[in-house]
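1. The amino acid sequence is not available; the structure is as follows:
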């Protein structure tokens, strides 16, 4: 949950969307879509269809889009534990970037 703590061993499930439709296998690129601070509605799936349908096809890429922590279903801690001091530590762009690194 807290990537910057050496003692925090908690884990959580982060929602993400992926497409391997055009993936060329080992050695091909992975396109990581960071959609920003907001939930990803399942009916929307991958944002930015140009990346998922056109660029991925052109470059034989795998496409991965994580949902930002604390938005939508991606809640690293339960709402009742989301106090101001906890959120100051966990709801940062650095933590979100490290979520993406961990997912990759």
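-> Sure thing, it's come through. These numbers come from a predicted model, not from an experiment. Numbers count the residues shown, from 1 in each chain.

2. Please name the residues that touch the residue nearest to residue 57 when sequence neighbours are not counted.
-> Nearest non-adjacent residue to residue 57, counting by CB to CB, 6 or more residues apart in numbering: residue 22, 4.5 Å away. Just so you know, the C-beta spots here come from the backbone N, C-alpha and C atoms, and that holds for glycine as well. Taking CB atoms under 8 Å, 6 or more residues apart in numbering, we find residue 22 in contact with 56, 57, 60, 61.

3. got the phi/psi numbers for residue 22?
-> Backbone geometry at residue 22, expressed as degrees, to the nearest 10, gives phi -110, psi 10.

4. Kindly report the same for residue 30.
-> phi -120, psi 120.

5. pLDDT score for it?
-> On pLDDT, residue 30 comes in at 97.

6. cool, residue 93 as well?
-> In this model, residue 93 carries a pLDDT of 88.
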